[in-house]
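Trainee: Got a sequence here, can you build the structure:
(chains A and B)
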Amino acid sequence: DTGVSQNPRHKITKRGQNVTFRCDPISEHNRLYWYRQTLGQGPEFLTYFQNEAQLEKSRLLSDRFSAERPKGSFSTLEIQRTEQGDSAMYLCASSLVMGDQETQYFGPGTRLLVL
Amino acid sequence: QKEVEQDPGPLSVPEGAIVSLNCTYSNSAFQYFMWYRQYSRKGPELLMYTYSSGNKEDGRFTAQVDKSSKYISLFIRDSQPSDSATYLCAIDAGKSTFGDGTTLTVKP
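Mentor: Next up is the predicted model:
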């Protein structure tokens, strides 16, 4: 257990429904990342926050995806109008940046299946 | 061409063998190199973190970075069945770029 928690761990939904995932990072960590991982692939960067500010979004993140990190604590990732291609593991990672050193700790992931 | 290419595997070795896992990358600006271990249906777990070129050893694990060749390796000595997992290389701290992983099976 890395100290990063994600909920729910599994989600099955029908195409067109909205889903929301939550990530609780390690409390003193100031950065939070979202990645997506499909079977047989490595994680792909989606977006990240420095405290409450969303600093970068990948081109993979279509306008159906939105992420928030209110008050710089937990984060949510919402997918609207889900599509079958959204089926994947959604991973959250948090890190503490100290100078030029940064180490990410990943949560267990939320596995999404869109039927 | 992907920014990070990883030997795809899968790899199956007997217990006690030395395992070599390898990645190449394309962007010479990268400075930070990581190896993660991922068990089935779990999140990646950081194993090794290396800055710039050289070797880094931690117990049975040695990470090697050759920036001139843009090549990184992870060696596992005296491999154990508990080492059976998917190993992911990753480049750059923070917004990391990952390889697609090599699945390793260590047979008792």
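Trainee: Need the nearest residue in space to B:Phe98, chain neighbours excluded.
Mentor: Excluding the flanking residues, the one nearest B:Phe98 by C-beta to C-beta, 6 or more residues apart in numbering or on different chains is A:Gly42, at 3.1 Å. (C-beta placed from N, C-alpha, C; glycine too.)
Trainee: Surely that neighbour touches B:Gly99?
Mentor: Yes. Applying C-beta atoms under 8 Å, one finds A:Gly42 in contact with B:Gly99, separated by 5.4 Å.
Trainee: Now the common contact residues for the two.
Mentor: B:4, B:6, B:88, B:90 (C-beta atoms under 8 Å, 6 or more residues apart in numbering or on different chains).
Trainee: The first one against B:Ser96, yeah?
Mentor: Yep, that's B:Val4 we're talking about. No. Between B:Val4 and B:Ser96 there is no contact, the gap being 9.2 Å when judged by C-beta under 8 Å.
Trainee: In chain A, what residue lies closest to chain B?
Mentor: Closest to chain B within chain A is A:Gly42: 3.1 Å, counting by C-beta to the nearest C-beta.
Trainee: tally of neighbours for that residue?
Mentor: The burial count assigned to A:Gly42 is 23, neighbours taken as other C-beta atoms under 10 Å in any protein chain shown.
Trainee: got a list of what it touches?
Mentor: B:4, B:6, B:88, B:90, B:98-101.
Trainee: Which strand residues bridge whichever residue of chain B sits closest to chain A?
Mentor: Relative to chain A, the nearest point of chain B is B:Phe98 (3.1 Å; C-beta to the nearest C-beta). On the basis of DSSP bridges, B:Phe98 is bridged to B:Ala90.
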